[in-house]
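Enquirer: Model the structure of this input:
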Amino acid sequence: MNSYPLLSMLVKTSASAVLAAAAFICPPLMANDLSAQIEQENSGRDNAAEIASTLAPPIAPLLQDFTVDRTNRLTVPVTINDGKSFPFIVDTGSERTVISQELAQYLNLDSGEMLRLATVSGPATVNSYLIDKLTTATFSIEDIEAPGLKQQNLGAHGLLGIDSLEENKIFLDFTKGEMQVLPSEKKRSAGKLERGMIVVTARRKAGRMILSNARVNGALVDIVIDTGAQSSMGNYKLRDLLRRRDRKGEYQDVEMKSVIGDVLTGQFTQLRSIEIGGVTIKDLPITFSENYAMKTLGLEDKPAIFLGMDALGLFDKVVIDFTNRRISFELPKGSRLQSSNRFAVLRP
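Expert: Got it, this is the predicted structure:
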């Protein structure tokens, strides 16, 4: 039995009106329902991208474009075993690539070993499925043993995890809705792609990119970059530290659901400031909870945050370079800087 690959954070949340904008509720979908839906839409046409678009928000078929789905997470079209294409969430917080049980059964994938997972709600043992080949517009990998989780809890057909992304750099252009996964060679300094961007050095732990020089309300914290989380999540160590510094802070009780369907309790608030590489994020919504995934990274006794898409999407561009342990940010310009639909804002 293999042990403790990390999976991403929140799939479903119920909280105040502030969090409701990021909430995602996906009805149960069984394998036979998935098959019937695909076959019905496939009547008289063979376009796999059109098929996938009936199951999730539309995804542009060219250039490795990404969309931001209903949970505010990145999705890209992924082809399984040279067959049809389905939207997978790009998840830098997940050590393993994951597939929904319903999709695995629809594709008649062979079962693999039982896998031991570490999720935010605790350890879990799940079935795995064998994928001979997984292909995106920019790269292809083979012989994947992917944990299988219920689509209802996963909120997607699958997660594209670090095992598919490491030894590369991810370039996210939020202004154009494009993503590139590029080869990354070991270099002492940032390249042309990062020119003019704010570059921050990270450390890697179990594949994750962790920033250790960030500050929240002046307190030093560890930040894990997590594109698979629609909202940011902190541990109770950070909450308790902030409470000691500001006893007037307001916290609202909330409930969340993990990728294995377990319900977590937590507390919601807004952070006055997060400082990363000379840039300050103001008023970022965050939920504090007992996070088992942080324990597996050795962060249970340190103030720490899983930084989700609500924060990363504030920037115009983000480069996540796994090989060189660097994360680069480009500040927003023009109308994106003045956008009124953001809960959090950036201050250089």
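Enquirer: Tell me which stretches of the stretch 101-250 of the chain form helices.
Expert: 101-106, 151-154, 162-165, 236-245 (DSSP state H, counting those that start in this stretch).
Enquirer: Please report the number of neighbouring residues for the closest residue to residue 183 other than its chain neighbours.
Expert: Using CB to CB, 6 or more residues apart in numbering and skipping the chain neighbours, the partner closest in space to residue 183 is residue 168 (6.2 Å). (Glycine included, C-beta is placed from N, CA and C.) By other CB atoms under 10 Å, 18 other residues sit near residue 168.
Enquirer: what's the neighbour count on the residue nearest to residue 145 when sequence neighbours are not counted?
Expert: Using CB to CB, 6+ apart and skipping the chain neighbours, the partner closest in space to residue 145 is residue 112 (4.5 Å). Counted with other CB under 10 Å, the neighbours of residue 112 add up to 17.
Enquirer: residues in contact with residue 112?
Expert: The neighbours of residue 112, taking CB atoms under 8 Å, 6 or more residues apart in numbering as the test, are 127-130, 145-146.
Enquirer: Only whichever of these are buried, select them in PyMOL.
Expert: Buried residues among the contacts of residue 112 (16 or more other CB atoms under 10 Å), as a PyMOL selection:
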select buried, resi 128+129+145+146
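Enquirer: Among the contacts of residue 112, find me the one that's closest to residue 136.
Expert: residue 146 (14.7 Å; CB to CB).
Enquirer: now that closest one, which residues is it bridged with?
Expert: residue 129 (DSSP bridges).
Enquirer: looking at it, it is touching residue 126, isn't it?
Expert: No. If you go by CB atoms under 8 Å, residue 146 and residue 126 don't touch, sitting 10.2 Å apart.
Enquirer: thinking again about what came up before, just put the helices of the stretch 101-250 of the chain in TSV and tack on mean pLDDT and mean neighbour count.
Expert: Conversion of the helices of the stretch 101-250 of the chain to TSV gives the following (pLDDT from 0 to 100; neighbours: other CB atoms under 10 Å):
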stretch	mean pLDDT	mean neighbour count
helix 101-106	95	23
helix 151-154	87	22
helix 162-165	87	20
helix 236-245	92	17
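Enquirer: looking at those, which is closest to residue 118?
Expert: helix 162-165 (13.6 Å).
Enquirer: how many neighbours does residue 282 have?
Expert: Count around residue 282 with other CB under 10 Å applied: 15.
Enquirer: Count the neighbours of the closest residue to it other than its chain neighbours for me.
Expert: Nearest non-adjacent residue to residue 282, counting by CB to CB, 6+ apart: residue 345, 5.0 Å away. Residues near residue 345, counting by other CB under 10 Å, number 15.
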